[in-house]
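Q: got a predicted model here, sequence first, then my questions.
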There are 2 protein chains.
Amino acid sequence: MRLYVGLVHYPVYNKHRETIASAITPIDIHDFARLGKTYGIEGFFVITPLEDQQTLAHRILRHWISGYGARYNRHRKEALSLVSVVSSLEVAVKEVKEREGDSAIVVATDATLQEDRAMSYEALKRIVVSNEVVLLLFGTAWGLHEEILQKADHVLDPISGRTGYNHLSVRTAAAIILDRLMGVSAD
Amino acid sequence: MRLYVGLVHYPVYNKHRETIASAITPIDIHDFARLGKTYGIEGFFVITPLEDQQTLAHRILRHWISGYGARYNRHRKEALSLVSVVSSLEVAVKEVKEREGDSAIVVATDATLQEDRAMSYEALKRIVVSNEVVLLLFGTAWGLHEEILQKADHVLDPISGRTGYNHLSVRTAAAIILDRLMGVSAD
């Protein structure tokens, strides 16, 4: 399976639906990397155009991959080795193309149903299992900007629990989605 | 469904398998509450005997339930209203009994398979769907102490991804487990 994951920090929305670049959340980088390692994804992109935020992300990675953290917890090193820091979705797409030879099908995630281009978990799972290259995007803050949703080839169905409440953190949403797509019980 | 979730801060293990009381992680309280609200659980217990940690947990809850946070984000208020802070597993069990009339089946989670008393997702799902009262326990730090595993009626199978890597954060593990048990697609 050739699944890549991207965590988008720009462009995303804030609470007032204004376009912003969000700050890096170190715990998200760790949680996504550990999830990625568990489910065997090929790579995880932290996407931010802000140079100080790229520097922060690199500092975290250095600590856990070659600094004290690597000796303190080698499992964390294994997971964080999946991470690349890139400035935009376009750079992530280009990097996946270079690594895989094939272009990725870009699939965005959103907490509300995008009627016109929704994709079900079953449909995306079939694509992933068929070994096509997929780049799955998650939005920080109040979610992916419309511009990213438009650029994506598909938008995955939102997670529906049992209550209509749809305000999960991005790291727990990613956990649920990766398990639905890649979990062994999902085969 | 009468599912309760408990996040245990004592007794748990540290990296060196020593028994410790872990510190409250505010992000875990938020993530568990939001997950609980999404999947319609009845209540979420933060379990810690440390009084300063109980005070910290209460301060977080106050901020989001009646303080500034409640006005800033009402969705968070809704979720955090699920949370109770209790000093031990026994108090949580007693509180569930008082609320439900029936005693809870206590199910622990662990990253390694407990051969003798393992319970599959399918089996636990049947119990949950049949409307029996269940208290599902998660461990912070390096996981639930043997003493808690022994007190539990069952230990849920570990999450297996695709790689043998089993070092998820407790909040992402809880997300995956609640979706497997309570997700609508899991029916």
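A: That came through fine.

Q: residues of chain A that sit close to chain B?
A: Chain A comes close to chain B at residues A:1, A:15, A:27, A:30-31, A:34-35, A:37-40, A:73, A:75-76, A:78-79, A:121, A:159-163, A:165-169, A:171-176, A:179-180, A:182-185, as judged by CB under 8 Å from any CB of the partner chain. In short, each C-beta sits where N, CA and C put it, glycine included.

Q: for chain A, which element, helix or strand, carries the lowest mean pLDDT?
A: The helix or strand of chain A with the poorest confidence is helix A:68-72; it has a mean of 90 (mean pLDDT, DSSP states H and E).

Q: packing partners of that one?
A: helix A:51-65, helix A:74-80 (3 or more CB pairs under 8 Å, 6 or more residues apart in numbering or on different chains; DSSP states H and E).

Q: what about 6 Å?
A: Using 3 or more CB pairs under 6 Å, 6 or more residues apart in numbering or on different chains; DSSP states H and E as the contact test, no helix or strand touches helix A:68-72.

Q: neighbours around residue A:66, how many?
A: 11 (other CB atoms under 10 Å in any protein chain shown).

Q: please disregard the earlier target; I meant residue A:50.
A: Residue A:50 has 16 neighbouring residues, counting by other CB under 10 Å.

Q: which residues touch the helix or strand hosting residue A:99?
A: Assigned by DSSP states H and E, residue A:99 belongs to helix A:89-100. With CB atoms under 6 Å, 6 or more residues apart in numbering or on different chains as the test, helix A:89-100 has contacts from A:2, A:4, A:6, A:45, A:47, A:86, A:103-104, A:133, A:135.

Q: tell me which residues in the least confident helix or strand of chain A are buried?
A: The neighbour-count check on helix A:68-72 (16 or more other CB atoms under 10 Å in any protein chain shown) flags A:69-70 as buried.

Q: what packs against whichever helix or strand comes after the helix holding residue A:99?
A: Using DSSP H and E, the helix or strand that follows helix A:89-100 in sequence is strand A:105-109. For strand A:105-109, the packing partners by 3+ CB pairs under 6 Å, 6+ apart come out as strand A:133-139, strand A:154-156.

Q: go again using 10 Å as the cut-off
A: Judged by 3 or more CB pairs under 10 Å, 6 or more residues apart in numbering or on different chains; DSSP states H and E, the packing partners of strand A:105-109 are strand A:2-8, helix A:89-100, strand A:118-119, helix A:121-129, strand A:133-139, helix A:146-151, strand A:154-156, helix A:170-182.

Q: what average pLDDT does it get?
A: Averaged over strand A:105-109, pLDDT sits at 98.

Q: could I have that strand exported to CSV, CA atoms only?
A: Presented in CSV, the C-alpha positions along strand A:105-109 are these (Å, rounded to 0.1, in the frame of the first residue of the first chain):
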residue,chain,number,x,y,z
ILE,A,105,-4.7,10.6,-5.9
VAL,A,106,-5.3,13.5,-3.5
VAL,A,107,-8.1,12.9,-1.0
ALA,A,108,-9.1,15.6,1.5
THR,A,109,-10.9,15.1,4.8
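
Q: what subset of the residues of chain A next to chain B is buried?
A: Buried by 16+ other CB under 10 Å: A:1, A:27, A:30-31, A:34-35, A:37-39, A:76, A:78-79, A:121, A:159, A:161-162, A:165-166, A:168-169, A:171-176, A:179-180, A:182-183, out of the residues of chain A next to chain B.
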